[in-house]
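Participant: Quick one, what's the 3D model for this:
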Amino acid sequence: MTTYDRKRYLEPGTGAFAQVPNRIMARLAKWGISVAGSRLLLVQGRKTGAWHSTPVNLLEYNGDRYLVAPRGNTQWVRNLRASSTGQLQLGRRRDTFTAVELADDAKPELLRAYLQRLNSQVSGYFDGVGPDADDSRLREIAPGYPVFRIA
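Facilitator: The predicted model follows:
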């Protein structure tokens, strides 16, 4: 059984083709094409203030919008924690938002919804935990998966 904590971070691969999927998703988002809710996330760096972008999958659930970090404590997560604001881009449209990170107890239902919608894309980041996992298992892994409500 894996122990999950807030420091969990899965680094992207370093091979020649490791970044190809992210580059494709970023390009599609810039062209206005969303795949499974994909957007380009723009957030200011916590140290330099420079804007950084990364493709993300926006989760819309019960009328609210969420960002889930399947790789854990990534740079975009750290930057968003520091600034609490960012932008989501799809085509020429950029929506500015404010973000609030959710407590671990609030995550199981959202992690399940995220996995139900995107399991084929993100299952490798969830150590075999799928959308059919019970609440106790989702609560166990919750610390390793930052979730932000955005408005």
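
Participant: sec struct for residue 96, please.
Facilitator: The three-state label given to residue 96 by DSSP: H, G, I helix; E, B strand; the rest coil is strand.

Participant: That one reaches residue 84, doesn't it?
Facilitator: No - using C-beta atoms under 8 Å, residue 96 is not in contact with residue 84, being 11.6 Å away. Backbone N, C-alpha and C define where each C-beta goes, glycine included.

Participant: Parallel or antiparallel, list what pairs with the helix or strand harbouring residue 149.
Facilitator: According to DSSP states H and E, residue 149 maps onto strand 147-150. Strand 147-150 has the following strand partners under DSSP bridges: strand 64-68 (antiparallel), strand 93-101 (antiparallel).

Participant: Return the most buried member of the ones you listed.
Facilitator: Mean neighbours per residue, mean count of other C-beta atoms under 10 Å, is largest over the strands paired with strand 147-150 for strand 64-68, with a mean of 19.

Participant: Secondary structure element holding residue 86?
Facilitator: Using DSSP H and E, residue 86 sits in strand 85-90.

Participant: List the buried residues in that strand.
Facilitator: 86, 87, 88, 89, 90 (16 or more other C-beta atoms under 10 Å).

Participant: and what of stretch 20-32?
Facilitator: Judged by neighbour count (16+ other C-beta under 10 Å), stretch 20-32 contains these buried residues: 25, 26, 28, 29.

Participant: Surely the third one is in a helix?
Facilitator: Meaning residue 28. Yes - note on residue 28: a helix contains this position according to three-state DSSP.

Participant: For the lengthiest helix in the chain, buried residues please.
Facilitator: The residue-count maximum for a helix in the chain (DSSP state H) belongs to helix 108-122. Buried positions in helix 108-122, judged by neighbour count with 16+ other C-beta under 10 Å: 108, 110, 111, 112, 113, 114, 115, 117, 118, 122.

Participant: Dump those into TSV; add pLDDT and distance to residue 59 as well.
Facilitator: Output for these, formatted as TSV (pLDDT from 0 to 100; distance: C-beta to C-beta, whole Å):
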residue	pLDDT	distance to residue 59
108	97	14
110	97	7
111	97	10
112	97	11
113	97	6
114	97	5
115	96	10
117	95	7
118	93	8
122	90	11
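
Participant: Noted, bye for now.
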